[in-house]
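J.: Provide a 3D model corresponding to the input given below.
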Amino acid sequence: MPIDSEATIPAVSAPRSASSAPPPLRNAAHCSSCGLRHFCMPQGLSTHDTARLETVINTARMVKRGEVLFRPGDNFDALYAIRSGSMKTTLTSANGREQVMGLHLGGDTIGLEAFDNGHQVCQAAALEDSSVCVIPQKQFERACRENASIQRRLSQIMSAELVRKSAQILILGTLRADERVATLLLDVSARLHRRGYANDEFNLRLTRHDMGSLLGITLETVSRTLSRFQANGLIETRGKLIQIRDFNRLLAV
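T.: Model (predicted):
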């Protein structure tokens, strides 16, 4: 059961694809030429409406590995669409413990929680050198009011995020530890496949600790589970490189 059931590059990079190095900073995001536009842009926009949306999404920003894009309490002045690379969102408890809340991949939009009270709720940090399209909040809301397709796309994105969070709750509440790890690997594979990348081999950018935090299990459990999967011929691991060798048996975990 994939974590992301919406047809929506993860905390991963795919070595068989073209270079995924983030593009240089530029003044315009050029949605019409972006290979991931079908993940974040409304379908069926006219040339005029596409050009207008490009004036709203006016900047592509570089985010270096480990750099924080926004923190809890930051004013909500923009949404961000990941153009290349991957990011994680986290919350920190009162005792200082960090909880990974989600993986965010190329084509995903982040910062949606801030619609609630005008401030960011989570921290978003780059798992690798990435780039994001900056979507100024006020101009985007105005575009939504003026164009039903853009408003509908925002509703779809927010609905998909609710589905993803519901699936995450189901995973944490009902699956065994080995099922959780298998589900994460299959989810990453499926998301890569939808983006045109090889789905049987990828570099998993999450640390084992981050994987455990996301899945509600310990780092040691993650490591033991991956080692067992490898010993049983389900996967092959070499550092961050994950190769899925037997999809059917991984599905059956």
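J.: mind listing what residue 172 touches?
T.: By C-beta atoms under 8 Å, 6 or more residues apart in numbering, residue 172 lies in contact with 180, 215, 216. For every residue, glycine as well, the C-beta is placed using N, CA and C.
J.: How much space separates the second one from residue 56?
T.: This means residue 215. Distance, residue 215 to residue 56, by C-beta to C-beta, to the nearest Å: 36 Å.
J.: Have a look at those two and say which one is more surrounded.
T.: The neighbour comparison of residue 215 against residue 56 (other C-beta atoms under 10 Å) goes to residue 215, with 23 against 20.
J.: pretty sure that one is touching residue 225, no?
T.: No - if you go by C-beta atoms under 8 Å, residue 215 and residue 225 don't touch, sitting 9.6 Å apart.
J.: Mind listing the shared neighbours of those two?
T.: With C-beta under 8 Å, 6+ apart, residue 215 and residue 225 have common neighbours 177, 181.
J.: Can you give me the end-to-end span of stretch 110-118?
T.: Stretch 110-118 stretches 14 Å from its first residue to its last (C-alpha to C-alpha, to the nearest Å).
J.: Can you give me the buried ones in it?
T.: Within stretch 110-118, the residues scored as buried using 16 or more other C-beta atoms under 10 Å are 110, 111, 112, 113, 114.
J.: Just list whatever residues bridge to the first one.
T.: Just to be clear, that refers to residue 110. residue 80 (DSSP bridges).
J.: show me the contacts for it.
T.: Residue 110 sits in contact with 69, 79, 80, 81, 82, 87, 89, 104, 124, 132, where contact means C-beta under 8 Å, 6+ apart.
J.: and the fourth one, how many residues sit next to it?
T.: Spelled out, it's residue 81. Using other C-beta under 10 Å, residue 81 is surrounded by 27 other residues.
J.: The fifth one too?
T.: Here the neighbour count serves as a burial measure; for residue 82 (other C-beta under 10 Å) it reads 27.
J.: and the next element down the chain from the strand or helix carrying it?
T.: Element membership of residue 82, judged by DSSP states H and E, is strand 78-84. Note on strand 78-84: by DSSP H and E, the next helix or strand toward the C-terminus is strand 87-92.
J.: tell me how far that following strand is from the chain's mean position?
T.: 11 Å (C-alpha atoms, centre = their mean, to the nearest Å).
J.: Name the residues of the very next helix or strand once past that strand that come out as buried.
T.: Counting by DSSP H and E, the element after strand 87-92 in chain order, helix or strand, is strand 98-104. Across strand 98-104, burial judged by 16+ other C-beta under 10 Å covers 100, 101, 102, 103, 104.
J.: Dig out what the fourth one forms beta bridges with.
T.: Put plainly, it is residue 103. Bridge pairing for residue 103 - DSSP bridges - gives residue 88.
J.: Quick check, pLDDT for it.
T.: Residue 103 is assigned 91 on the pLDDT scale.
J.: Verify the stated contact: it with residue 213.
T.: No - when contacts are counted by C-beta under 8 Å, residue 103 is not listed as touching residue 213 (11.3 Å).
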